[in-house]
Each structure stands twice: as C-alpha cells, then as structure tokens.
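Novice: Build me a structure from this.
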Amino acid sequence: MLDPRRMVANFEMKRRETQIKVRSTTVLALRHKGKVVMAGDGQVSMGSTVMKHGARKVRRIHGDKILAGFAGATADAFTLFDKFEGKLQEHNGNLLRAAVELSKDWRTDRVLRRLEALLVTASQDTILVLSGSGDVIEPDQDAIAIGSGGNFALASARALIAHTDMSAREIAEESMKIAASLCVYTNDQLVIEEL
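Specialist: Numbering: from 1, shown residues only. Reported below is the predicted structural model:
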C-alpha cells in the first residue's frame with residue numbers, strides 16, 4: 001500500500017526539479033564612516049533569460065529608519081517585507097527583536113516556511129541577514145551581501161573599506177559594479193538607499 005505522505009513528498013520533489021529557477025539579485029549592506037548604505041541591482045533572470053532590468057529590491061521601511069533588501073522569489077520577498085514591517089511595528093522599531101520574531105514565524109509557519117527568499121536589514125546600529133531556516137545573522141564586520149553576486153560585492157566592499165578613503169555610498173556603488181562585471185545574474189542598474 002502506498003504511503004500518502006511519501007507520495008506528496010515525491011510529488012513535491014519532482015515539482016521542484018521541473019521548476020524554472022528564477023535567479024536574481026545582489027544586495028549589499030555596509031556601515032562605514034557613520035553611514036549605513038544598502039545597494040541592490042535591478043536584474044531578474046528566469047533560466048538564461050533576463051526578464052527585467054530595473055527591479056527595486058531595496059527599500060526604506062518603518063518610517064525610513066530601516067533599510068531592507070531581498071534575494072529570491074519576488075512574491076515571497078514582498079510577503080516577508082509585509083510580515084517584517086508588522087514585526088517592527090509590534091516591537092517599536094527594535095530591529096533585532098523584530099528579526100528574531102519574524103525568523104521564528106518563518107521557520108514554523110506552514111505557509112511562510114515555503115517562501116524562498118533571504119532578507120538583509122539594516123539600521124544605524126545593526127545589520128542582519130534573515131533566512132527561512134531560522135537564521136538571524138549579524139556579520140562580524142560592517143558589511144554583508146546576499147544573492148547570486150553577493151560574494152563578489154562583499155569581497156569588494158571589504159577591500160575598499162580597509163584600503164581606501166571612499167565614502168560608504170561610493171564603496172557600495174563600486175562594489176556592486178564589480179559584482180555586476182562578474183556575475184551574470186547581476187546588472188549595474190542600482191538602487192542605493194542610505195541612512
């Protein structure tokens with residue numbers, strides 16, 4: 001006799017194998033010289049096709065006091081933005097507390113845990129990455145990046161922070177340009193927000 005749970009698991013695995021992967025995004029957040037900057041590229045790709053050049057993946061939330069950016073499925077990210085803004089309201093703008101509470105929900109809620117996205121959030125004091133597996137990660141250094149070109153942008157930002165006198169915005173812009181020159185899923189149509 002067939003086990004219905006096993007049948008559902010097999011169906012889900014086959015569905016995921018046949019889905020076209022939407023790849024997109026490089027989002028970089030950094031703190032330097034008293035400024036917090038978040039930059040995101042605009043490219044959205046489906047398979048080997050660029051579907052959009054000017055997507056907005058970075059935004060100001062909670063009265064323009066917090067920056068948030070996403071990597072992953074767009075509809076999932078918008079759901080997470082809404083949930084995260086709700087948590088910020090609930091916890092009076094406390095970024096760390098809101099992030100932990102969202103991660104708890106994201107990991108345990110049946111619907112939320114199926115969302116495929118990462119969030120990077122930043123305030124004047126804190127930069128965090130949130131994932132659906134319940135991770136809330138605060139970087140050791142004052143820079144973090146997510147998405148397909150994230151490692152390129154992060155390496156560039158760390159080098160520029162350590163070895164130049166550039167402003168935070170200039171570092172973010174240059175790092176994202178470097179990522180765009182290396183990652184086929186990243187372009188140079190940037191949205192940059194600053195606190």
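Novice: end to end, how far does stretch 120-131 reach?
Specialist: 9 Å (C-alpha to C-alpha, to the nearest Å).
Novice: hang on, residue 175 in a strand?
Specialist: No: using DSSP: H, G, I helix; E, B strand; the rest coil, the secondary structure at residue 175 is helix, not a strand.
Novice: Next up, the contacts around it.
Specialist: 28, 39, 145, 152, 153, 154, 156, 157, 160 (C-beta atoms under 8 Å, 6 or more residues apart in numbering). The way it works is simple: take the backbone N, C-alpha and C, and place the C-beta from them, glycine included.
Novice: I'd say the last one and residue 174 touch.
Specialist: Meaning residue 160. Yes: with contact defined as C-beta atoms under 8 Å, residue 160 counts as touching residue 174 (6.2 Å).
Novice: Of those two, which one has the most company?
Specialist: residue 160 (21 against 18; other C-beta atoms under 10 Å).
Novice: Distance check, the spatially closest residue to that one that is not a sequence neighbour against residue 30.
Specialist: By the measure of C-beta to C-beta, 6 or more residues apart in numbering, the closest residue to residue 160 outside its immediate chain neighbours is residue 171, 4.5 Å from it. Per C-beta to C-beta, to the nearest Å, residue 171 is found 6 Å from residue 30.
Novice: Now do the shared contacts for those two.
Specialist: 37, 157, 161.
Novice: Just after the helix or strand hosting the first one, pick out the following helix or strand.
Specialist: Secondary structure assigned from DSSP states H and E places residue 37 in strand 35-40. Of the helices and strands lying after strand 35-40 in sequence (DSSP H and E), the nearest is strand 44-46.
Novice: Mind listing the strands that following strand pairs with, and their directions?
Specialist: strand 22-24 (antiparallel), strand 49-52 (antiparallel) (DSSP bridges).
Novice: mean pLDDT lowest for which of the ones you listed?
Specialist: Of all the strands paired with strand 44-46, the minimum mean pLDDT falls on strand 22-24 (a mean of 55).
Novice: There's contact between residue 81 and residue 72 in this structure, I believe.
Specialist: No: contact criterion C-beta under 8 Å: residue 81 and residue 72 do not qualify, at 11.9 Å.
Novice: Comparing the two, which residue is more hemmed in?
Specialist: Using other C-beta under 10 Å as the criterion, residue 81 and residue 72 rank with residue 72 on top: 22 against 17.
Novice: what's the neighbour count on the residue nearest to that one when sequence neighbours are not counted?
Specialist: Nearest non-adjacent residue to residue 72, counting by C-beta to C-beta, 6+ apart: residue 117, 3.2 Å away. Other residues lying near residue 117 total 22 when counted by other C-beta under 10 Å.
Novice: Show me the residue sitting in the middle of this protein in space.
Specialist: residue 70 (3.0 Å; C-alpha atoms, centre = their mean).
Novice: wait, what's in contact with it?
Specialist: So residue 70 contacts 25, 27, 57, 77, 80, 81, 117, 118, 119, 120 (C-beta under 8 Å, 6+ apart).
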